[in-house]
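> predicted structure and sequence below. I'll ask about it afterward.
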Amino acid sequence: MRPGPKNLITDVQGLKVGHAENADLKSGTTVLTADQPLVSSVHVMGGAPGSRETALLDPDKTAPGVDAFVLSGGSAFGLDAASGVMQGLRDLGRGFPVHTARVPIVPAAIIFDLINGGDKDWNSSPYPALGQAALSRAEANFALGSHGAGTGAMTAMLKGGVGSASLVLESGITVGALMVANPIGSVTTPGEAHFWAAPFEIDGEFGGLGADPRSDLGRDLKSDKITAMMRHANTTIGIVATDAKLSKAQCKRIAVAAHDGIARACMPAHTPMDGDLLFATTTGTKDLTAPDLELARIGHAASLCVARAIARAVYEATPAENDLLPTWREKNGH
């Protein structure tokens, strides 16, 4: 397996990603969409999720496809970004047909970034406008780091961000991940130089320092350290995608497997205070010749892309005024 040409989730042909952010707010929104509805599902492993339209992604639910996904800052306020995306899609004539009406299907998930140093004293929610702007900017190439939903993201010790990665399997199937790294846990080992995801890095995509050579790195998570982590941030959310022809039930299985990537990249992961959530989606353009075996390979590839995307999110973060935490590059002199 090797990364696709862009090493982004948009190596899955047909997908587009757009960002919109407000520097004073220190928050923003990221949208993933395609020209056709996407067969999709979701799996939640965090104890404190914030989401919208996730129940309809269960395999037994009626809605056959998703028009766009929203990843947003703003905690529960950020779920309003999906309203802006719905309006933009409605203007384009998109949506699930119900008699003479069309209803865009827009699942959303949010991170908590309300106490990150930004000005949150708004009179009306900025998130619908951010959602609509992000949709209008969706394209195959997009920035990583402090953009969109990753604008105000933080990890336990460093500034977080938005990241992406891809892999092309031997079968020609492409798998990718789009992640917002904002966990209670740390994405780096003590000292903040080496990434927990280092064993899965490809071609120095997040610094090339390799795995931390020290042992017992994650053995002693003392209560005071956990308390310090809780003061900063919580939740890692994202989307994994493929071009394999999958059912909603198979997408559910991919979302479950992909959560391994969060556990590989964040220490600790899936805590009661995190809202860790992964959507799984497919453009459905490539048939599976050995469904069970290939589904396992896609799930494994998705987990690797998730881990790499989380590390890339932190590696690509850039400093801004009133930041509460340093970036990886500032901490490590890059």
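Thanks, I have the structure now. In this text the structure is predicted, and so the values were computed from the model without any measurement.

> and the strands in the stretch 51-200 of the chain?
51-52, 66-72, 96-98, 101-103, 108-110, 161-168, 174-181 (DSSP state E, counting those that start in this stretch).

> between these, which one is closest to Pro59.
Closest approach to Pro59 among the strands of the stretch 51-200 of the chain is made by strand 66-72 (13.7 Å; CB to CB). No exception for glycine: its C-beta is placed from N, CA and C like everyone else's.

> under the pLDDT cut-off, which ranges of this structure? List them.
For the chain, the stretches with pLDDT under 70 are 218-233.

> all helices for it, in order.
In the chain, the helices defined using DSSP state H lie at 81-91, 127-136, 223-230, 248-265, 291-315, 328-332.

> between those helices, which gets nearest to Val103?
Short answer: helix 81-91, nearest of those by CB to CB, at 8.1 Å.

> buried residues in the closest one?
The neighbour-count check on helix 81-91 (16 or more other CB atoms under 10 Å) flags Ala81, Ala82, Ser83, Gly84, Val85, Met86, Gln87, Gly88, Leu89 as buried.

> and the residues you listed, which two are the farthest apart?
It's Ala81 and Leu89 that sit farthest apart of the buried residues of helix 81-91, by CB to CB, at 12.7 Å.

> for the strand ranked longest in the chain, which helices and strands make contact with it?
In the chain, assigned by DSSP state E, the strand with the most residues is strand 27-44. The contact analysis (3 or more CB pairs under 8 Å, 6 or more residues apart in numbering; DSSP states H and E) places strand 27-44 against strand 15-22, strand 66-72, helix 81-91, helix 127-136, strand 174-181, strand 236-244, helix 248-265, strand 277-286.

> ok now the fourth one, how far from the chain's centre?
This means helix 127-136. 17 Å (CA atoms, centre = their mean, to the nearest Å).

> hmm, who's touching it?
Helix 127-136 has contacts (CB atoms under 8 Å, 6 or more residues apart in numbering) with 18-22, 27-31, 33, 68, 70, 72, 74, 77-85, 87-89, 148.

> contacts only, for Thr327.
Leu158, Lys159, Val314, Ala317, Thr318, Pro319 are the contacts of Thr327 under CB under 8 Å, 6+ apart.
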